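Undergrad: This is the structure alone, sequence omitted:
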């Protein structure tokens, strides 16, 4: 609820900015955890998601510059501006001959002022308060739903465990956004997902070892591969799965696409 | 290298005062980047194309971080250009709390200039474009 108010105020602010500056093609805010607040209809949410994805690496690497303040990508037909504001990143897309003076006045003054006001007049809306974090947690975590298509039933007899009376739940299917997995030590048959999801699975399947997962694309291709937790803590909680490029080619997918991941319980 | 230059000079005096060696854009860029690096507040540069790369940074410990930052900037530029129809990316600026960077592509060469916060990005960009003939 509190978060809704926060988003509502920011959304209205962005809408008013676009009303005042018709040059703006697209404007939205996002947080480091990937949470996006868009303004009016001109900002297509999908484009915003892809923008966050495109900026993800550079935002991380900008730590080498002491943390990002501003960034701009100037093209022959338009420019994308990114500004860091009170824990948010404001993205503004403008055409080549936009009136940058008025746009900068609105975005550079109005948005920070609203953010500061929101924090000052409603401490309860502080983004770091526990209730807020709970909300965010539920939003960031990937959808968890039972695999309706799968007929797989856990065979108690095969497992031959002492707790043969217990029936393990059906393997869950989570959806993740594909991210490239690079590096000298990246194994071609290993994918990485966030540790929380792995812990959840371990809890759910009563401490069974989950070392492998089945990855299925929406195109119907699937592979079985090894599973490890993400190394980069900044990717945690974003619903990301890091997949080696060779494996992406096998699955005919690329960075930014969604895949279904089902733990293999052994 | 010196020997080669001498030979070229000799050839030039014997034949005609026309271009006797193939001057590539990369050959022109390197001295220009060296000159830029001497400017106030510039702490280094990275220049790379499909066949070679040159890195000159005051602080060698930053090489890896800056190299990744540079490639991330160009990669993000391409993605955003495709996403928002920005056309050809002319330049990218990334301003951090301590340092800022300028990225641009000149004739297949990806160039990243790293500067102190106080350096004049516009001036550096103008200088590069003017002297590289772009």
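TA: Cool, the structure landed. Just so we're clear, the structure is a prediction, and the values are computed from it rather than from any experiment. Residues are numbered from 1 along each chain as shown, chains lettered A, B, ... in the order given.

Undergrad: isn't there a strand covering residue A:192?
TA: Yes: per DSSP: H, G, I helix; E, B strand; the rest coil, residue A:192 lies within a strand segment.

Undergrad: Tell me how far it lies from residue A:213.
TA: Computed as C-beta to C-beta, to the nearest Å, the residue A:192 to residue A:213 distance reads 11 Å. From N, CA and C alone the C-beta is placed, and that goes for glycine too.

Undergrad: Which neighbours do these two have in common?
TA: Both residue A:192 and residue A:213 are in contact with residue A:227, where contact means C-beta atoms under 8 Å, 6 or more residues apart in numbering or on different chains.

Undergrad: got the phi/psi numbers for whatever residue of chain B ends up closest to chain A?
TA: Distances between chain B and chain A by C-beta to the nearest C-beta are smallest at residue B:96, namely 2.4 Å. Dihedral pair for residue B:96: phi -100, psi -180, per degrees, to the nearest 10.

Undergrad: Just to check, it is in contact with residue A:68?
TA: Yes: assessed by C-beta atoms under 8 Å, residue B:96 is found in contact with residue A:68 at 5.9 Å.

Undergrad: any shared contact partners between these two?
TA: Contacts common to residue B:96 and residue A:68, judged by C-beta under 8 Å, 6+ apart, are residue A:62.

Undergrad: got any ranges where the chain has weak pLDDT?
TA: No chain specified, so I'll use chain A. A:1-4, A:40-43, A:122-172, A:184-185, A:207, A:266 (pLDDT under 70).

Undergrad: actually it's chain B I care about, not the one you picked
TA: B:1-27, B:133-134.

Undergrad: what helix or strand does the residue positioned nearest the centre of it sit in?
TA: Closest residue to the average C-alpha location of chain B: residue B:111 at 3.6 Å, with C-alpha atoms, centre = their mean. Residue B:111 is part of strand B:109-116, with elements assigned from DSSP states H and E.

Undergrad: List the buried residues in the helix or strand following that strand.
TA: Of the helices and strands lying after strand B:109-116 in sequence (DSSP H and E), the nearest is helix B:121-132. For helix B:121-132, burial by neighbour count (16 or more other C-beta atoms under 10 Å in any protein chain shown) applies to B:121, B:124-125, B:127-128, B:132.

Undergrad: Out of those residues, which two sit at the greatest distance?
TA: Using C-beta to C-beta, the pair of these lying farthest apart is B:121 and B:132, separated by 16.3 Å.

Undergrad: hang on, the earlier thing: which residues touch the residue of chain B closest to chain A?
TA: By C-beta under 8 Å, 6+ apart, the residues touching residue B:96 are A:62, A:64-69, B:117.

Undergrad: quick one: which of those is nearest residue B:84?
TA: Taking those together and measuring to residue B:84 by C-beta to C-beta, the closest member is residue A:68, at 19.2 Å.

Undergrad: Who does residue B:104 form a beta bridge with?
TA: For residue B:104, the beta-bridge partners are residue B:111 (DSSP bridges).

Undergrad: Neighbouring strands of the top strand by length along chain A in the sheet, and parallel or not?
TA: With secondary structure taken from DSSP state E, chain A has its longest strand at strand A:172-181. Sheet pairing for strand A:172-181, assigned by DSSP bridges, gives strand A:144-146 (antiparallel), strand A:240-244 (parallel), strand A:258-264 (antiparallel).

Undergrad: Write out the residues of chain A neighbouring chain B.
TA: Residues of chain A found near chain B (C-beta under 8 Å from any C-beta of the partner chain) are A:25-26, A:47, A:50-51, A:53-55, A:57-58, A:61-62, A:64-80, A:93, A:96.

Undergrad: can we see that at 7 Å?
TA: Applying C-beta under 7 Å from any C-beta of the partner chain, we find that chain A lies next to chain B at A:25-26, A:47, A:50-51, A:54-55, A:57-58, A:61-62, A:64-80, A:93.

Undergrad: Residue A:210 in helix, strand or coil?
TA: Residue A:210 - assigned by three-state DSSP - is coil.

Undergrad: I'd assumed residue A:202 was in contact with it.
TA: Yes: Residue A:210 lies in contact with residue A:202 (C-beta atoms under 7 Å); the separation is 6.0 Å.

Undergrad: can you give me the strands for chain B?
TA: Going by DSSP E, chain B shows strands at B:42-48, B:53-57, B:89-96, B:99-106, B:109-116.
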